[in-house]
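> turn this into a structure:
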Amino acid sequence: MIRLTLKGIIWILLALIAIIVVFLIYVTASDYKPAAEIKLTVDRNPEARLELGKPFSVTTFNIGYAGLDQGQDFFMDGGSMSRSSSRQQTETNLQAITHVLENAGSSFYLLQEVDVDSSRSNHINEVKPISDALQSYSYTFAYNYKVPWVPVPITKPMGSVRSGLLTLSSFHSTSQARFDLPGKESWPVQLFELDRAFVESRIPVDQGKELILINLHLSAFDKGGKIRKQQLEFLEQYIQREMENDNYLIIGGDWNHALPGTDPAIFKTQQEWPEWLQPFPDSFGPGDFKWAVDPNIPSVRTLDSAYHEGVNFLAVIDGFLVSPNVEVISVTGHDLGFSNSDHNPVTGQFILK
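Below is the predicted model of the structure:
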């Protein structure tokens, strides 16, 4: 039997402290600090042009890094897991998600939580199979999560994360850019958090105008919603600038708020309203913008446990906000039963007036 003396215990504690300090120094030095605006590259830019008065569709889908299928939970939501259950399950989820995208036949796709090299998704580059399946689409990727090692949960750490936003387009674009969103957690927590952002795609249309298509993923677990408030204020200012140019705006993605015109109570589940979910603020403007959501199909489930129909809390947090010069033809939530992601995709059909 090994007997530790007081001196031995002190040396062990000092060694652990030294390891933690070295780790924090390493993570701090390698912390991803993106510029406020980054120009992005676009691969396979199509020649097709978007036209006024002709309908087109946009699908938004948080794919949950192809690891949050119906059998999974997540530690930040009260569960215990931080990674996909296996490489095979990740590949199965990704194949099913890709099949959904192929069948949707949308003009544009706005995808969130797409991993390119993460421990949680077995280091699979998820951009490749998705872009390979949609060969006629351009694709643009921007990081919003780039951390060398996330050490929590202690017994099953998330590990390295390289993940972001993926926008695919069947129409020609003139530019793509990543806009950094304000609001950060304090050090050292921010070292292991997402660097929230949105991807702006500029699509030329008739008469010298542009469709500004935004792929958005707001914060979720910020206490009291203080960071989300800063992000929405930034977005509001961005919208006001673009509307001065008389452009068309469609902002889609994962808003991490219960969206206007929706009520989670209609889904009749056993769980109560989770602490992280907030109603979208009434104060957000401009007031003449319209929400395009499907209030009857939940777009997200809670992740404190595996999915059980009628148990997990359900809400609509994925959808679109559009400028008054965009006509909303229809919005359809796709009820996939959360089989391969903790979100369901949402498709909107639109016409530029």
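
> for this protein, which helix is longest?
helix 6-29 (DSSP state H).

> what's it packed up against?
strand 138-150 (3 or more Cβ pairs under 8 Å, 6 or more residues apart in numbering; DSSP states H and E). C-betas here are computed from N, CA, C, even on glycine.

> pull out the buried positions in the helix or strand following the strand it packs on.
Next helix or strand after strand 138-150 toward the C-terminus (DSSP states H and E): strand 159-169. Neighbour counts over strand 159-169 (16 or more other Cβ atoms under 10 Å) mark Gly159, Val161, Arg162, Ser163, Gly164, Leu165, Leu166, Thr167, Leu168, Ser169 as buried.

> where does the prediction get shaky in this protein?
1-3 (pLDDT under 70).

> domains for it, by residue range?
1-30, 35-352 (automatic domain parsing).

> for those, which one ends up most surrounded?
domain 35-352 (a mean of 18; mean count of other Cβ atoms under 10 Å).

> still on that earlier bit, save the buried residues of strand 159-169 as JSON lines, and put in distance to Glu275 too.
JSON lines is the format used below for the buried residues of strand 159-169 (distance: Cβ to Cβ, whole Å):
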{"residue": "Gly159", "distance to Glu275": "26"}
{"residue": "Val161", "distance to Glu275": "24"}
{"residue": "Arg162", "distance to Glu275": "29"}
{"residue": "Ser163", "distance to Glu275": "24"}
{"residue": "Gly164", "distance to Glu275": "27"}
{"residue": "Leu165", "distance to Glu275": "26"}
{"residue": "Leu166", "distance to Glu275": "29"}
{"residue": "Thr167", "distance to Glu275": "31"}
{"residue": "Leu168", "distance to Glu275": "34"}
{"residue": "Ser169", "distance to Glu275": "37"}
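
> quick one: which of the residues you listed is nearest Phe313?
Ser163 (24.5 Å; Cβ to Cβ).

> ok, that closest one to Ser119 distance?
Look at Ser163 and Ser119: by Cβ to Cβ, to the nearest Å, they are 11 Å apart.

> could you do Ala48 as well?
In terms of Cβ to Cβ, Ala48 sits 39 Å off from Ser119.

> ok, Asp180 next?
Asp180 is 25 Å from Ser119, by Cβ to Cβ.

> before we move on, what about Ala292?
Relative to Ser119, and taking Cβ to Cβ, Ala292 is found at 36 Å.

> what's the answer for Phe221, then?
20 Å.

> may I have the phi/psi pair for the closest residue to Ser160 other than its chain neighbours?
Once flanking residues are discounted, Ser160 sits nearest to Ser119: 5.0 Å by Cβ to Cβ, 6 or more residues apart in numbering. Note on Ser119: backbone dihedrals following degrees, to the nearest 10 are phi -60, psi -40.

> residue boundaries of the strands in the stretch 1-150 of the chain?
When secondary structure is read from DSSP state E, counting those that start in this stretch, the stretch 1-150 of the chain shows strands at 37-39, 56-62, 108-115, 138-150.

> tell me which of these sits nearest to Ala265.
Nearest of the strands of the stretch 1-150 of the chain (Cβ to Cβ): strand 56-62, 22.5 Å.

> parallel or antiparallel, which strands does the closest one pair with?
strand 108-115 (parallel), strand 346-352 (antiparallel) (DSSP bridges).

> need these in CSV (columns: distance to Val205).
Formatted as CSV, these follow (distance: least, Cβ to Cβ, whole Å):
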stretch, distance to Val205
strand 108-115, 13
strand 346-352, 6
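
> give the contact list for Arg44.
Gln135, Tyr137, Ser138, Tyr139 (Cβ atoms under 8 Å, 6 or more residues apart in numbering).

> do you know how far it is from Phe141?
13 Å.

> mind listing what Leu94 touches?
Contact analysis of Leu94 by Cβ under 8 Å, 6+ apart lists Ile63, Ala66, Ile124, Glu126, Pro129, Ile130, Asn340.

> 10 Å - rerun?
63, 65-67, 84, 114-115, 121, 124, 126, 128-130, 340-341 (Cβ atoms under 10 Å, 6 or more residues apart in numbering).

> swap in Glu47?
Glu47 neighbours (Cβ under 10 Å, 6+ apart): Phe171, His172.

> then Leu194?
Applying Cβ under 10 Å, 6+ apart, the residues near Leu194 are 32, 113, 143-147, 161, 163-164, 181, 185, 217, 219-221.

> do the same with Leu336
Taking Cβ under 10 Å, 6+ apart as the contact definition, Leu336 lies against Phe61, Gln70, Ala96, Ile97, Val100, Ile297, His343, Asn344, Pro345.

> show me what Pro279 is bridged to.
Under the criterion used (DSSP bridges), Pro279 bridges to Ala258.

> I'd assumed Leu259 was in contact with it.
Yes. Here Pro279 reaches Leu259: they are 8.7 Å apart, a contact under Cβ atoms under 10 Å.

> overlap in contacts of the two?
In contact with both Pro279 and Leu259: Ala315, using Cβ under 10 Å, 6+ apart.

> how about the strands in the stretch 151-300 of the chain?
Assigned by DSSP E, counting those that start in this stretch, the stretch 151-300 of the chain shows strands spanning 159-169, 175-180, 197-204, 210-217, 248-254, 290-292, 300-301.

> the first one - contacts with which helices or strands?
Read that as strand 159-169. Where contact means 3 or more Cβ pairs under 10 Å, 6 or more residues apart in numbering; DSSP states H and E, strand 159-169 is packed against strand 56-62, strand 108-115, helix 127-133, strand 138-150, strand 175-180, strand 197-204, strand 210-217, strand 248-254.
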